[in-house]
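Trainee: Give me coordinates for this.
(chains A and B)
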Protein chains: 2
Amino acid sequence: MPDFSIGVDLGGTNLRVAAVGRDGKLLEKVNVPTRTELGPDRTIDEMCGAIERVAATHRESGNFFGTGIGVLGIVDQETGKVRKSSNYPGWEGYPVRAAIESRLRTSELLGKYARVVLDNDANMAALGEQWLGAARGVPNAAVITLGTGIGGGIVLNGKIWMGMNGMAGEFGHVTVEPDGVSCGCGSRGCAERYASASAIMRMARQAVATGNAPGLALAAASDTEVGAKSIYELAMRGDLPAVEIFRTFGRYLGIMLAGAVNVLNLDMYVLAGGVVGAWDVFAPAMFEEMRSRSLVYAATAPENPLRGEKQTAAGKTVVTRALLGGDAGLYGAARAAEMGE
Amino acid sequence: MPDFSIGVDLGGTNLRVAAVGRDGKLLEKVNVPTRTELGPDRTIDEMCGAIERVAATHRESGNFFGTGIGVLGIVDQETGKVRKSSNYPGWEGYPVRAAIESRLRTSELLGKYARVVLDNDANMAALGEQWLGAARGVPNAAVITLGTGIGGGIVLNGKIWMGMNGMAGEFGHVTVEPDGVSCGCGSRGCAERYASASAIMRMARQAVATGNAPGLALAAASDTEVGAKSIYELAMRGDLPAVEIFRTFGRYLGIMLAGAVNVLNLDMYVLAGGVVGAWDVFAPAMFEEMRSRSLVYAATAPENPLRGEKQTAAGKTVVTRALLGGDAGLYGAARAAEMGE
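Mentor: Predicted coordinates:
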């Protein structure tokens, strides 16, 4: 009969609500399709309904410690609003946290526990991996999710590092090539233009356009996730243009990580997202750059960095793969609620 | 009669010892020429003698809170040894902190207060500026010193962020141009190869070599500090090759800072070192890069960033000039001792 909290992950088309025990055990997980483009009122209503149902189910078995919610976008912690909301059209300026809290306060069951912790999904995922995943027991870690773009979260001494106003951890827009590929953010040469699933697709299309990459031509026709996987399989079979793409990916990821290691000197950097499955083909170039570009990394590199394992000896900088997959944010949100962060 | 602590700044040729009141008032400052190349024993003996003399002078006037010492090099906080010691030949592997503490323990006066806080001078300078200088009252700040190289220190919630093993804040070796100028650290395109006093001299020599920079030819003949100042004066008079050098300087400093802002989201970034006097000629290019390369900076930029002032409105990212000059490290060391960090 464990005490528990509720973690919520609000994607663009999916709302997931989980009850998680204080010991990290998943007690229940529900999936609610949602259409955030219909506006915040409706989504928040659906969300609060689901939170109540899940909380009611487990109410008898232990104390309830509140709700944490991860959203796609930067949360202004002062106001509880979502700053960048291209994922939630019409939500901008809406007092999300206050609306959820006031809705939960009307619940007979939850009134006393209506307080909500709202944060960016990348921060929640970082806290989840640090609580129960790859960085378990590691006090200082960054979790960097390589997807369509790059999301990032930093945990210092076991707590999310929000920065001045919740915007810390934007690893994806660190410049890695000053005159490089232009980015939607208005800059050029951002890390996410070279080291994300969509960057792999862009590089594949470019290689196909040269006419010298017959293997890639087919793979690049499918959508991003599938495409990146097919390109990985080509690279594993030794297709040179595919190998070259992952080498570029690893090189720029390594440049970005080298800078992060030089500045932050964390114990661990966790890489998340489906494309991390291609570790074998990008990690060698990544570690080569890190070693040559970061004196901090060179002084603290583990003996076999490619294994990506936590070392028993302290004082080593470890780069490794995430363990919790898509559930990291749910666990992290539950943890944030429990910590009252 | 204030309570006080002692701050020590151990340079390569100079040892400075100061008594600083808890309120930040400088009570006394002494300068002891030293030759660190004669080995740690002798220097530590001189240092401890000076600490005792200064402490004795102020002993009657208030309680003594211990000693903080800033050194040129990275301190391993576990062992109290100095990691990188090209500035102190023969010191490598020497248990600096333990030796100082055991030497102070023999003092009748200081035996009870022999505990020493040892840290990198850049970290001490950061704490000093955050305590009494440009970042006074600002909880989260980085202090970046542009000299022969670039030194950096980060203060989070009023405390030095050491990182896993004391190596955080190496802003100078963040890559800003992947295939750029080679660096002594083994990498290429490090920030300090473009945005330090010695980088200005290198760029001046290169411009002179083209034969198209008559104004620079004279200035580049003098030593680094003087030379950078003459080149600044040329730029202020409109000498185009000199203007171009500071534009490059500002551009790469801006690229480095944009990355730092994206990842750390601090309230303030303080630039220190003599070359910061050239603010007028490098700051416009620096802010231009920051605005275009950091979505976090663009969202939080103050109205008049060039003034470099702390804004009354919270939530603004401020880049400004240091206020304490060469004394920042002394104040920071005294503060670290008082905090017992």
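Trainee: can you give me the strands for chain A?
Mentor: A:4-10, A:14-21, A:26-33, A:64-71, A:75-76, A:81-82, A:116-120, A:141-146, A:150-156, A:159-160, A:268-272, A:318-321 (DSSP state E).
Trainee: And for stretch A:56-66, what's in contact with it?
Mentor: For stretch A:56-66, the surrounding residues in contact (CB atoms under 8 Å, 6 or more residues apart in numbering or on different chains) are A:1-6, A:19, A:21-22, A:27-28, A:55, A:109-110, A:113, A:115-117, A:337-338, A:340. The C-beta positions use only the backbone N, C-alpha and C, and glycine is treated the same way.
Trainee: OK, contacts around A:Leu216?
Mentor: A:Ala204, A:Ala207, A:Val208, A:Ile231, A:Leu234, A:Asp239, A:Pro241, A:Ala242, A:Ile245.
Trainee: How about A:Gly340?
Mentor: By CB under 8 Å, 6+ apart, the neighbours of A:Gly340 are A:Gly66, A:Arg115, A:Val117.
Trainee: For the last one, give its distance to B:Thr248.
Mentor: Going from A:Val117 to B:Thr248 by CB to CB, to the nearest Å gives 45 Å.
Trainee: ok, back up a step: which of the contacts of A:Gly340 lies closest to chain B?
Mentor: Relative to chain B, the closest of those is A:Val117; by CB to the nearest CB it sits at 18.4 Å.
Trainee: What residues does the stretch 51-200 of chain A have near chain B?
Mentor: A:78, A:83, A:140, A:152, A:154, A:156, A:161-171, A:173-178, A:185-188 (CB under 8 Å from any CB of the partner chain).
Trainee: In PyMOL, how would I select just the buried ones from these?
Mentor: Buried residues within these, by 16 or more other CB atoms under 10 Å in any protein chain shown, are selected in PyMOL with:
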select buried, chain A and resi 83+140+152+154+156+161+162+163+164+165+166+167+168+169+170+171+173+174+175+176+177+178+185+187+188
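Trainee: In helices, which of the residues of the stretch 51-200 of chain A next to chain B fall?
Mentor: In helices, defined here by DSSP state H, there are no members of those.
Trainee: out of the contacts of A:Gly340, which is most surrounded?
Mentor: A:Val117 (27 neighbours; other CB atoms under 10 Å in any protein chain shown).
Trainee: Now do the same contact list for the residue in the stretch 1-150 of chain A positioned nearest to chain B.
Mentor: Residue of the stretch 1-150 of chain A nearest chain B, by CB to the nearest CB: A:Asn140 (6.2 Å). Residues near A:Asn140 by CB under 8 Å, 6+ apart: A:Val155, A:Leu156, A:Asn157, A:Leu264, A:Leu266, A:Asp267, A:Met268, B:Gly163, B:Met164.
Trainee: any idea how far chain B is from the fifth one?
Mentor: The spacing between A:Leu266 and chain B, counted by CB to the nearest CB, to the nearest Å, is 6 Å.
Trainee: Kindly report the same for the first one.
Mentor: Shown here: A:Val155 relative to chain B, a distance of 13 Å by CB to the nearest CB.
Trainee: got it, and A:Ala322?
Mentor: A:Ala322 sits 19 Å away from chain B, taking CB to the nearest CB as the criterion.
Trainee: what's the answer for A:Leu218, then?
Mentor: 31 Å.
Trainee: Could I get the contacting residues of that residue?
Mentor: A:Ser230.
Trainee: coming back round to it: closest to chain B out of the contacts of A:Leu216?
Mentor: Ranked by distance to chain B (CB to the nearest CB), those are led by A:Ile245 at 17.1 Å.
Trainee: Against B:Glu92, how distant is the residue in the stretch 101-250 of chain A that chain B sits nearest to?
Mentor: Nearest to chain B, among the residues of the stretch 101-250 of chain A, is A:Gly163, at 2.5 Å (CB to the nearest CB). Going from A:Gly163 to B:Glu92 by CB to CB gives 36 Å.
Trainee: do the same with A:Leu118
Mentor: A:Leu118 is 49 Å from B:Glu92, by CB to CB.
Trainee: Likewise for A:Gln77?
Mentor: Using CB to CB, we find A:Gln77 at a distance of 45 Å from B:Glu92.
Trainee: With A:Ala272 instead?
Mentor: 39 Å.
Trainee: And these two? Which one has more around it.
Mentor: Taking other CB under 10 Å, A:Ala272 and B:Glu92 do not tie; A:Ala272 has more neighbours (29 against 14).
Trainee: and the more buried one, what are its bridge partners?
Mentor: In this entry, A:Ala272 is beta-bridged to A:Thr145, by DSSP bridges.
Trainee: how close does it sit to A:Ala334?
Mentor: For A:Ala272, the distance to A:Ala334 equals 18 Å [CB to CB].
Trainee: where are the low-confidence patches of the stretch 1-150 of chain A?
Mentor: Residue ranges of the stretch 1-150 of chain A with pLDDT under 70: A:1, A:84-85.
Trainee: let's go with 90 and repeat that
Mentor: A:1-2, A:11-14, A:33-39, A:59-65, A:72-79, A:82-94, A:107-115, A:148 (pLDDT under 90).
Trainee: list the buried ones in the helix ranked longest in chain A?
Mentor: Scanning chain A for the helix with the most residues, using DSSP H, yields helix A:240-264. Buried residues in helix A:240-264, counted by 16+ other CB under 10 Å: A:241-243, A:245-264.
Trainee: what do you get for stretch A:316-331?
Mentor: Across stretch A:316-331, burial judged by 16+ other CB under 10 Å covers A:316-320, A:322-324, A:327-331.
Trainee: Pull the most distant pair out of the residues you listed.
Mentor: The span of the buried residues of stretch A:316-331, defined through CB to CB, is set by A:Lys316 and A:Leu330 at 29.6 Å.
Trainee: Check the spacing between A:Ala122 and A:Ala191 real quick.
Mentor: With the distance defined as CB to CB, A:Ala122 ends up 14 Å from A:Ala191.
Trainee: How about stretch A:296-313 and chain B, any contact?
Mentor: Yes. Stretch A:296-313 is in contact with chain B by CB under 8 Å from any CB, via A:Val296, A:Ala298, A:Ala299, A:Thr300.
Trainee: Now do that stretch: distance to the chain's middle.
Mentor: 23 Å (CA atoms, centre = their mean, to the nearest Å).
Trainee: So which elements touch the longest helix of chain A?
Mentor: Under the contact definition 3 or more CB pairs under 8 Å, 6 or more residues apart in numbering or on different chains; DSSP states H and E, helix A:240-264 sits against strand A:141-146, helix A:197-209, helix A:214-219, helix A:224-236, strand A:268-272, helix A:279-293, helix A:295-300, helix B:240-264.
Trainee: hang on, the earlier thing: what is the nearest of the contacts of A:Asn140 to A:Tyr88?
Mentor: For those, with A:Tyr88 as the reference and CB to CB as the criterion, the closest is A:Val155, at 25.3 Å.
Trainee: What are the neighbouring residues in contact with the closest one?
Mentor: A:Ala126, A:Leu127, A:Gln130, A:Ala135, A:Pro139, A:Asn140, A:Ala141, A:Ala142, A:Val143, A:Trp161.
Trainee: partner residues bridging it?
Mentor: The partner residues for A:Val155, given DSSP bridges, come to A:Ala141, A:Ile160.
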